[in-house]
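Asks: the sequence and its predicted three-dimensional model are supplied below.
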Amino acid sequence: QKEVEQDPGPLSVPEGAIVSLNCTYSNSAFQYFMWYRQYSRKGPELLMYTYSSGNKEDGRFTAQVDKSSKYISLFIRDSQPSDSATYLCGVYSSASKIIFGSGTRLSIRP
Amino acid sequence: DAGVIQSPRHEVTEMGQEVTLRCKPISGHDYLFWYRQTMMRGLELLIYFNNNVPIDDSGMPEDRFSAKMPNASFSTLKIQPSEPRDSAVYFCASSFGTSGTNEQFFGPGTRLTVL
């Protein structure tokens, strides 16, 4: 079993829709969770991170962690074509490493 | 700052050849990471350095892969001999410190094709 599982998609939604991206993880000791966004032919860039359980909001983006079910979510409100990218969830392990999910490819249709 | 710089951006080589990928981290960052990204396996950490010292190379697939960081502003990832299954995008990333809140800044990647 992988330490971080993520549905690779692809996921295609119309502009303006609410997008939900999800990951599960296996180790209950993980405390820091993050989302990176990767545009085509570019390197990943940090979108947001959360610590422990709860929600964190940044503009149209909300990151949610449910430690009881080991579930990480990213919600995008009022999705825009510019949000089309691959989204990678990550967990920070105690070994100073980020373990990434495989990424979900998202396409927003105008 | 120009961000993390990687070269070359694209590399096409034949099986058995030596490949060297280069990375210049962001000035002042003390951690440097090498990742490999494929469709099948996603983004995998190969090795990381702290203050130019290799800390964890458990992700290096086999002895054909080696990485060095001779100084704070330069690192190389070498594959010798290369094989078709090494075809992937290789990313270098750097950070100041390493914790759940320290962002890793990624370079644009090197797209390697081994024929």
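Replies: Looks like it arrived, so ask away. Numbering: from 1, shown residues only, chains lettered A, B, ... in the order given.

Asks: okay, now the unreliable bits of chain B?
Replies: Residues of chain B that meet the criterion pLDDT under 70 lie in B:1.

Asks: point me to the residue of it nearest chain A.
Replies: Shortest chain B-to-chain A distance, computed as Cβ to the nearest Cβ: residue-wise this is residue B:100, at 2.3 Å. Every residue, glycine included, has its C-beta placed from N, CA and C.

Asks: check contacts around that residue.
Replies: Counting by Cβ atoms under 8 Å, 6 or more residues apart in numbering or on different chains, residue B:100 touches A:31, A:32, A:33, A:34, A:49, A:51, A:92.

Asks: burial of the third one, as a residue count?
Replies: Counted with other Cβ atoms under 10 Å in any protein chain shown, residues neighbouring residue A:33 total 28.

Asks: quick check: the gap between it and residue A:12.
Replies: When distances are taken as Cβ to Cβ, to the nearest Å, residue A:33 and residue A:12 turn out to be 25 Å apart.

Asks: got the residues of chain B near chain A?
Replies: Contacts of chain B with chain A, taken as Cβ under 8 Å from any Cβ of the partner chain, map to B:4, B:31, B:41-45, B:48, B:55-56, B:91, B:93, B:98-101, B:103-109.

Asks: now, these that are in helices?
Replies: Of the positions in the residues of chain B next to chain A, not one sits in helices, assigned by DSSP state H.

Asks: how many other residues sit next to residue A:14?
Replies: 9.

Asks: tell me who's in contact with it.
Replies: In this structure, residue A:14 makes contact with A:108, A:109, judged by Cβ under 8 Å, 6+ apart.

Asks: got it, and residue B:18?
Replies: With contacts taken as Cβ under 8 Å, 6+ apart, residue B:18 has the following neighbours: B:78, B:79, B:80, B:81, B:82.

Asks: what does residue B:33 give?
Replies: B:45, B:47, B:48, B:49, B:92, B:93, B:94, B:95, B:104.

Asks: quick one: low-confidence residue ranges for chain A.
Replies: Under the criterion pLDDT under 70, no range of chain A is flagged.

Asks: which parts of it sit against chain B?
Replies: Taking Cβ under 8 Å from any Cβ as the contact definition, chain A meets chain B at A:6, A:31-34, A:41-46, A:49, A:51, A:88, A:92, A:95-103.

Asks: drop anything exposed from those residues.
Replies: A:6, A:31-34, A:43-44, A:49, A:88, A:92, A:96-103 (16 or more other Cβ atoms under 10 Å in any protein chain shown).

Asks: before we move on, the earlier item: let's have the contacts of residue B:33 in TSV, adding neighbour count.
Replies: What follows is the contacts of residue B:33, written out as TSV (neighbours: other Cβ atoms under 10 Å in any protein chain shown):
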residue	neighbour count
B:45	22
B:47	22
B:48	25
B:49	22
B:92	27
B:93	26
B:94	26
B:95	20
B:104	25
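
Asks: restricted to strands, list those.
Replies: Of these, the ones assigned to strands by DSSP state E are B:45, B:47, B:48, B:49, B:92, B:93, B:94, B:95.

Asks: the first one pairs with what?
Replies: According to DSSP bridges, the partner residues bridging residue B:45 are residue B:35.

Asks: do the same with the fifth one
Replies: According to DSSP bridges, the partner residues bridging residue B:92 are residue B:34.

Asks: please report how far the residue of chain A found nearest chain B lies from residue B:12.
Replies: In chain A, the residue that lies nearest chain B is residue A:32 (2.3 Å; Cβ to the nearest Cβ). Computed as Cβ to Cβ, the residue A:32 to residue B:12 distance reads 38 Å.
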